[in-house]
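Q: next input, structure requested:
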Amino acid sequence: VQLIESGGGLVQAGDSLRLSCTASGLSLRTNSMGWFRQAPGKERELVAAISALFPSTYYPPSVRGRFSISSDSAKTTLYLQMNSLKPDDTAVYYCAASHENFLFTQQQDYDYWGQGTQVTVPS
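A: The predicted structure follows:
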């Protein structure tokens, strides 16, 4: 299994950015997915999750209404659309996949991780 993130970069506050995660060795039809982020000096946190079992998603309050998780029709690429970006969104963003198909919000429920992509929003 391989997860490769792309799309990170330096953007201004208020801008939008879309991250992509190309998955090989698994299918988004059967494996639930998530996006996490880790800022310097902070713990890794979930920002979006999507279930393969039901069409359900989860967002923590910090990003709800601004971030959106989705996949392409071929179910090989996961996206994270980020709007109205803030300096607090600055972090390394990771794509993660689970063996299971339920909606998971904890890091320990995910089995595979990408290498991460940096998103920087200067204050």
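Q: ok, which stretches of this protein are strands?
A: Using DSSP state E, the strands of the chain run over 2-6, 9-10, 17-24, 33-38, 45-50, 57-58, 67-71, 77-82, 91-97, 112-113, 117-120.
Q: reformat those strands as CSV; add distance to Leu103.
A: Quick note: C-beta positions are derived from backbone N, CA and C, even for glycine. Below are these laid out as CSV (distance: least, CB to CB, whole Å):
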stretch, distance to Leu103
strand 2-6, 18
strand 9-10, 29
strand 17-24, 17
strand 33-38, 9
strand 45-50, 6
strand 57-58, 6
strand 67-71, 11
strand 77-82, 14
strand 91-97, 13
strand 112-113, 17
strand 117-120, 23
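Q: got the contact list for the residue nearest the centre of the chain?
A: Nearest to the mean C-alpha position of the chain, counting by CA atoms, centre = their mean, stands Trp35 at 2.1 Å. Going by CB atoms under 8 Å, 6 or more residues apart in numbering, Trp35 touches 19, 21, 46-49, 67, 69, 78, 80, 93-96.
Q: just put the strands of the chain in JSON lines and tack on distance to Thr105 and mean pLDDT.
A: JSON lines is the format used below for the strands of the chain (distance: least, CB to CB, whole Å; pLDDT from 0 to 100):
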{"stretch": "strand 2-6", "distance to Thr105": "18", "mean pLDDT": "97"}
{"stretch": "strand 9-10", "distance to Thr105": "27", "mean pLDDT": "98"}
{"stretch": "strand 17-24", "distance to Thr105": "18", "mean pLDDT": "97"}
{"stretch": "strand 33-38", "distance to Thr105": "8", "mean pLDDT": "98"}
{"stretch": "strand 45-50", "distance to Thr105": "5", "mean pLDDT": "97"}
{"stretch": "strand 57-58", "distance to Thr105": "6", "mean pLDDT": "96"}
{"stretch": "strand 67-71", "distance to Thr105": "12", "mean pLDDT": "96"}
{"stretch": "strand 77-82", "distance to Thr105": "15", "mean pLDDT": "98"}
{"stretch": "strand 91-97", "distance to Thr105": "11", "mean pLDDT": "98"}
{"stretch": "strand 112-113", "distance to Thr105": "16", "mean pLDDT": "98"}
{"stretch": "strand 117-120", "distance to Thr105": "21", "mean pLDDT": "98"}
